[in-house]
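In: sequence? don't have it. structure:
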Ligand SMILES: Nc1ncnc2c1ncn2[C@@H]1O[C@H](COP(=O)(O)OP(=O)(O)OC[C@H]2O[C@@H]([n+]3cccc(C(=O)O)c3)[C@H](O)[C@@H]2O)[C@@H](O)[C@H]1O
Ligand SMILES: Nc1ncnc2c1ncn2[C@@H]1O[C@H](COP(=O)(O)OP(=O)(O)OP(=O)(O)O)[C@@H](O)[C@H]1O
Ligand SMILES: [Mg+2]
């Protein structure tokens, strides 16, 4: 077995302890903030599924609210988001951010036509706005869902999915998230589906990043990989430093 597989095996061996560590963290953090619960944006993808499941284990299903927020999202993700209701006992509501997206895009395009990335990042920031609106109303905190692999290369929208109050999965690579997902009973189709931000039709993480999660996680867990891939990962890491810091000021 190669060293990458050994690291993943080691994670699986200690998974019960890992779940306890994460659920203790969530419970203690929510208590220390005097909050009543947590909201999680539910995309139909694996990171939000695992984050929500950990929040439910920590806080109880009554104190966790999942929000499905479509903006011309693909139907497969809606089906997968809804599959979580039974699988992890999730309270799920829908807030359609499509109309707000259309309205704000129309206003912004009075300046200049927006490209897919600018439009996609706007969707992510409207979701952040929605999560904070509901969390503020309920006295909840907003759970982040970004995993370690994404955070390392800055693969998240600044002020969008990259902004929340606490993160129950920030130290887990994508491969570790998959192991955890299986352990806590996330539906198979969510685990095996190609990771996608779904910010525009046909988008997938691996295609956009230009390398696979296998390449990224192997490097993160073992330091090994093709030199040109490592160089690209480190370039993205350097260029996204600003997303992992509080804003600079003077
Ligand atoms: N050095 C610096 N210091 C301070 N701020 C700096 C900066 N360089 C850029 N910036 C600011 O950051 C902005 C660029 O960051 P940002 O707006 O995030 O935009 P950007 O990094 O260009 O795009 C976000 C990326 O994350 C991906 N994403 C988003 C959401 C979810 C997921 C997913 O996996 O599901 C993936 C998305 O597909 C895209 O590849 C610039 O417009 C500028 O305002
Ligand atoms: N349609 C959506 N409704 C609600 N939340 C969303 C939606 N799209 C994205 N999000 C939020 O943005 C986060 C970032 O998306 P990302 O694609 O990285 O995670 P994921 O969809 O949970 O996992 P993956 O796509 O890797 O399987 C999601 O975890 C979720 O919290
Ligand atoms: Mg996704």
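Out: Alright, I've got the coordinates. Predicted model, so just to flag it, every value in this text is computed and none were measured. Ligands and ions are numbered 1, 2, ... in the order given.
In: around ligand 2, which positions in this structure sit nearby?
Out: 41-43, 45-48, 67-70, 73, 127, 145, 150, 161, 195-198 (Cβ under 6 Å from any ligand atom). Just so you know, the C-beta spots here come from the backbone N, C-alpha and C atoms, and that holds for glycine as well.
In: show me what the helix or strand that contains residue 10 is packed against.
Out: Per DSSP states H and E: residue 10 is located in helix 3-13. Contacts defined by 3 or more Cβ pairs under 8 Å, 6 or more residues apart in numbering; DSSP states H and E place helix 3-13 against helix 174-183, helix 213-222.
In: any idea how far residue 176 is from the residue lying closest to residue 1 once chain neighbours are set aside?
Out: Nearest residue to residue 1, sequence neighbours excluded (Cβ to Cβ, 6 or more residues apart in numbering): residue 9, at 7.1 Å. Counting by Cβ to Cβ, to the nearest Å, the gap from residue 9 to residue 176 is 11 Å.
In: higher neighbour count, these two?
Out: residue 176 (24 against 11; other Cβ atoms under 10 Å).
In: residues contacting the residue nearest to that one when sequence neighbours are not counted?
Out: Excluding the flanking residues, the one nearest residue 176 by Cβ to Cβ, 6+ apart is residue 11, at 5.1 Å. With contact taken as Cβ atoms under 8 Å, 6 or more residues apart in numbering, residue 11 is in contact with 18, 176, 179.
In: mind running it again at 10 Å?
Out: 18, 172-173, 175-176, 179-180, 221 (Cβ atoms under 10 Å, 6 or more residues apart in numbering).
In: buried set for stretch 171-183?
Out: 172-181 (16 or more other Cβ atoms under 10 Å).
In: which of these lies closest to residue 80?
Out: Among the buried residues of stretch 171-183, residue 181 lies closest to residue 80 (Cβ to Cβ), at 12.1 Å.
In: around ligand 1, which positions in the protein sit nearby?
Out: Counting by Cβ under 6 Å from any ligand atom, the chain sits next to ligand 1 at 117, 120-121, 124, 150, 155-158, 160-161, 197, 199, 205, 208, 242.
In: rewinding a little: show me what counts as buried in the helix holding residue 10.
Out: Within helix 3-13, the residues scored as buried using 16+ other Cβ under 10 Å are 4, 7-8, 11.
In: ok and it relative to helix 174-183, angle-wise?
Out: 30 degrees (axes from the mean of the first three to the mean of the last three Cα atoms, to 10 degrees).
In: mind checking how far helix 3-13 is from the chain centre?
Out: Distance of helix 3-13 from the chain centroid (Cα atoms, centre = their mean, to the nearest Å) equals 22 Å.
In: and the angle for it with helix 213-222?
Out: Using the same axes, to 10 degrees: helix 3-13 against helix 213-222 is 80 degrees.
In: against which helices or strands is the one helix or strand residue 53 maps to packed?
Out: Secondary structure assignment for residue 53, by DSSP H and E: helix 46-59. Helix 46-59 sits against helix 15-32, strand 37-41, strand 64-68, helix 75-87, strand 91-94, strand 140-142, helix 174-183, helix 188-192, with contacts defined as 3 or more Cβ pairs under 10 Å, 6 or more residues apart in numbering; DSSP states H and E.
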